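Chemist: the following block contains a protein sequence and its predicted model.
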Amino acid sequence: MSQPVITLYDIQSTIPQPWAPNIWRIRFILNYKRLPYRTHWIEASDVENVLRQLKVPPTSQRPDGRPVYTLPVIFDPRSNKSLSNADRIAEYLEYSYPARPIFPEGSRAMQCLFVHYIQEVFAKPLLPIMVPMTHLRLPERSRAHFMGPQAQQTPSQLTPAQRDQAWLAVKEQFDTLADLLDKNSGPDGDGVVAMGREVSYADFALCAVLIWIEKVAPHDGWARIRQWNGGRWTRLWERCRDYMDVF
């Protein structure tokens, strides 16, 4: 019998290839574990309604107590479960499909800290640059929803001086991370991936950010980042390339 096909829910946009970094983290895992899946595209304006219909638990709550529904979401027919939140999905896939582990033995806590750092520290300086550019890649109906009912205008673009300053802040984060990963060079590893020699969840979280930049800002963003730190980020991209299929 054929293996059940997992459904991965992703955001529809005007870009032919997906870009959302949190969703790419899950796509990487599915590809790495060689799990059959298909992508179901949803406009941002329809996410809450679709997930409510699927009875998917909310990702979080607003300060006023209202639930927040976000992607990624998967539905696994083998267990008949729908799950939200990238870290929760990663844990589920690792537990349910242990072959080709994304958390090498004894590394789970440190990798979760690394992923938290990527989300909460490393990627933060990118937001003023990437959010306005990402907004422009959404279908028109989703753009208005993305900003909320009280702010229907496009997120403000940076002035050239602000943009240069923002890219300096981004480069500082890339330089810091490069210095950390260099500690894996030599006998301890190749200095490219977080665990030293083999790709893992930490690398997928980082490469997902690179994909976001490459898809949304190929000329202004990825063209410069691929030159930084001796081409390290291109080497990481190449190490993850085998797991970039979109089904």
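Modeler: Here it is on my side, so go on. Predicted model, so just to flag it, every value in this text is computed and none were measured.

Chemist: mind giving me the domain ranges of this structure?
Modeler: 6-96, 108-243 (automatic domain parsing).

Chemist: in terms of mean pLDDT, which of those domains ranks lowest?
Modeler: Ranked by mean pLDDT, the domains of the chain bottom out at domain 108-243, with a mean of 89.

Chemist: end-to-end on that one?
Modeler: End-to-end span of domain 108-243 (C-alpha to C-alpha, to the nearest Å): 21 Å.

Chemist: ok, Ala202 touching Ala109?
Modeler: No. Checked against C-beta atoms under 8 Å, the pair Ala202 and Ala109 is beyond contact range at 11.6 Å. To be clear about C-beta, it is placed using only N, CA and C from the backbone, and glycine gets the same treatment.

Chemist: the two - which one has more neighbours?
Modeler: More neighbours surround Ala202 than the other of Ala202 and Ala109, with 22 against 9 (other C-beta atoms under 10 Å).

Chemist: identify the residue nearest the more buried one in space, chain neighbours excluded?
Modeler: If the residues on either side of it in the chain are set aside, Ala202 comes closest to Ala194, at 3.8 Å by C-beta to C-beta, 6 or more residues apart in numbering.

Chemist: one more: Gly191?
Modeler: Ser185 (3.4 Å).

Chemist: any idea how far Trp228 is from the one you found?
Modeler: Separation of Ser185 from Trp228 (C-beta to C-beta, to the nearest Å): 17 Å.

Chemist: what segments of this protein are helices?
Modeler: Using DSSP state H, the helices found in the chain span residues 21-32, 47-53, 86-96, 108-117, 127-135, 140-147, 160-181, 201-216, 223-225, 232-240.

Chemist: any chance of these in a markdown table, plus distance to Gln61?
Modeler: Formatted as a markdown table, the helices of the chain follow (distance: least, C-beta to C-beta, whole Å):
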| stretch | distance to Gln61 |
| --- | --- |
| helix 21-32 | 18 |
| helix 47-53 | 13 |
| helix 86-96 | 15 |
| helix 108-117 | 20 |
| helix 127-135 | 22 |
| helix 140-147 | 19 |
| helix 160-181 | 29 |
| helix 201-216 | 24 |
| helix 223-225 | 35 |
| helix 232-240 | 33 |
